[in-house]
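In: The sequence isn't on hand, but the structure is:
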């Protein structure tokens, strides 16, 4: 049994139980008045904890993250055991995610995040003299932030909670059915004063009576999920609430001539394969299409190399469980590719038990059905690439690029920036945005902050 909620007075809460695999996951059964009472409790706790400095908060977050990401800890073992049962990822995938969090989500990374957006961290604790003479400034977070989490990638909910902790906000998180584990383990590892300012539980998405109450109570609403989820929140939230949206996004890869030579193609394909395989392609940072510069024959050669490397990745990072609907989507996508090939299109389909690579001379963007299904397509010029991605520009997030010279890279980066892309990186970093990244083009702390100028000082 896993207590998949954290609320004030949780011992007295009525619970509902859902079974996933061999484990029962227990959630609090709430009524609207319970939501209001919990919000009041965590808001008061956050107010009491405002004297805890940002530096002390970083200490506490670092300790909590160490407990969750240390392979010797019970928290780590719980995550590796439970996340595969409820989210379907393989244990090896969960270990890879936790191990990276342990290496990357460090005290230094937290300090860089604050420095990049606030400057002097003391500005989150007190008024600080501004470079402009006669003025002090201080940054305030919302008293209470509501988080509507999605469950496709473990760790995203924890990152959202960390941001709220750093700006001294209370957090009420509506957990995703597929991933309540890491947010609970992280929160339980915090000291009481910070943990008491957090509430976490699950209810089915679109439960209007509970969500409408939460939206009335919150000062800021952070929503992760599909377009319909975002629009539902916008329609029901009070007009004066700050809404921070992380909706559906696509990522792609772009491979230049220098990365498809006989001496480099295997290494390039290995990097791309790992980027496709991580999170089983469920993340916004997962590439759907890899564009290869040159003729179809070059793309076809790269597609073959990529299929080999995806088979290799499967040996150490097995693909997780897929649902019947996902299996049907995969079969349909393969069938369409096979039909087009029979009809005379230049298409090659290479598949294994846990991956599909479709090399297609038709360079138009196609979204993947996910679960390690990737398109490889040729493109002739940078301007042509911009035209190919224009129809989905509002959904583009990250682009991984390799194999271009400095001048070409500068031209490509500028074109991608104009197109709407918010992150340009390489394939090894594509799955792992740093803590201080401009998430979907915005400042992750800045969107939460309200600045106050104290003039005449």
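Out: Received the coordinates, thanks. What you are looking at is a predicted structure, and each value in this text was computed from that prediction instead of being measured.

In: Report how many residues lie close to residue 55.
Out: 15 (other C-beta atoms under 10 Å). Every C-beta, even on glycine, is put in place using the N, C-alpha and C of the backbone.

In: I figured it hits residue 121, correct?
Out: Yes. The pair residue 55 / residue 121 is scored as a contact, 6.6 Å apart, by C-beta atoms under 8 Å.

In: Give me the helices and strands touching the helix or strand of the chain with the lowest mean pLDDT, please.
Out: One helix or strand of the chain scores below all others by mean pLDDT, DSSP states H and E: strand 15-20, with a mean of 85. Applying 3 or more C-beta pairs under 8 Å, 6 or more residues apart in numbering; DSSP states H and E, we find strand 15-20 packed against strand 23-28.

In: Strand 15-20 and the strand it packs on, what's the angle between them?
Out: Here strand 23-28 runs at an angle of 150 degrees relative to strand 15-20 (axes from the mean of the first three to the mean of the last three C-alpha atoms, to 10 degrees).

In: Mind listing residues that contact strand 23-28?
Out: 1-5, 7, 10, 13-19, 34, 81-82, 85-86, 175, 180, 201-203 (C-beta atoms under 8 Å, 6 or more residues apart in numbering).

In: In PyMOL, select just the buried ones from those residues.
Out: Selection of buried members from those for PyMOL, criterion 16 or more other C-beta atoms under 10 Å:
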select buried, resi 2+3+4+5+7+10+13+34+81+82+85+86+175+180+201+202+203
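
In: The contacts of strand 23-28 in strands, which ones?
Out: 2, 3, 15, 16, 17, 18, 19, 201 (DSSP state E).

In: will you turn those into JSON lines that also has distance to residue 397?
Out: Putting these into JSON lines (distance: C-beta to C-beta, whole Å) gives the following:
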{"residue": "2", "distance to residue 397": "32"}
{"residue": "3", "distance to residue 397": "34"}
{"residue": "15", "distance to residue 397": "37"}
{"residue": "16", "distance to residue 397": "35"}
{"residue": "17", "distance to residue 397": "37"}
{"residue": "18", "distance to residue 397": "31"}
{"residue": "19", "distance to residue 397": "35"}
{"residue": "201", "distance to residue 397": "29"}
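
In: For residue 39, state which of the residues you listed is nearest.
Out: Proximity of the ones in strands among the contacts of strand 23-28 to residue 39 (C-beta to C-beta) peaks at residue 201, which lies at 12.4 Å.

In: Does that closest one touch residue 5 like I think?
Out: Yes. When contacts are counted by C-beta under 8 Å, residue 201 is listed as touching residue 5 (3.9 Å).

In: got any residues that touch both of those two?
Out: Common contacts of residue 201 and residue 5 (C-beta under 8 Å, 6+ apart): 27, 28, 175.

In: Now do the SS call for residue 132.
Out: State at residue 132, reduced to three classes by DSSP: H, G, I helix; E, B strand; the rest coil: coil.

In: so where do the strands sit in the stretch 201-350 of the chain?
Out: 220-224, 242-246, 250-255, 287-293, 347-352 (DSSP state E, counting those that start in this stretch).

In: Give the other helices and strands that the first one contacts.
Out: Judged by 3+ C-beta pairs under 8 Å, 6+ apart, strand 220-224 is in contact with strand 144-148, helix 156-166, helix 227-236, strand 242-246.

In: Find the nearest non-adjacent residue to the residue nearest to the spatial centre of the chain, please.
Out: By C-alpha atoms, centre = their mean, the chain has its centre lying nearest to residue 156, at 4.6 Å. Distance criterion C-beta to C-beta, 6 or more residues apart in numbering; nearest residue to residue 156, sequence neighbours excluded, is residue 224 at 6.6 Å.

In: same question, residue 226
Out: residue 248 (5.6 Å).

In: Dihedrals phi and psi, that neighbour?
Out: Note on residue 248: backbone dihedrals following degrees, to the nearest 10 are phi -70, psi 140.

In: any idea where the helices of the stretch 51-200 of the chain begin and end?
Out: 54-69, 74-87, 91-104, 107-118, 156-166, 181-188, 192-195 (DSSP state H, counting those that start in this stretch).

In: nearest to residue 125, of the ones you listed?
Out: helix 54-69 (5.9 Å).

In: Give me the sheet partners of the least confident helix or strand of the chain and which way each runs.
Out: strand 23-28 (antiparallel) (DSSP bridges).

In: Now do the partner strand: distance to the chain's middle.
Out: Taking C-alpha atoms, centre = their mean, to the nearest Å, one finds strand 23-28 lying 24 Å from the centre of the chain it belongs to.

In: May I see the buried residues of that strand?
Out: 23, 25, 26, 27, 28.

In: Can you list the low-confidence ranges for this protein?
Out: 457 (pLDDT under 70).
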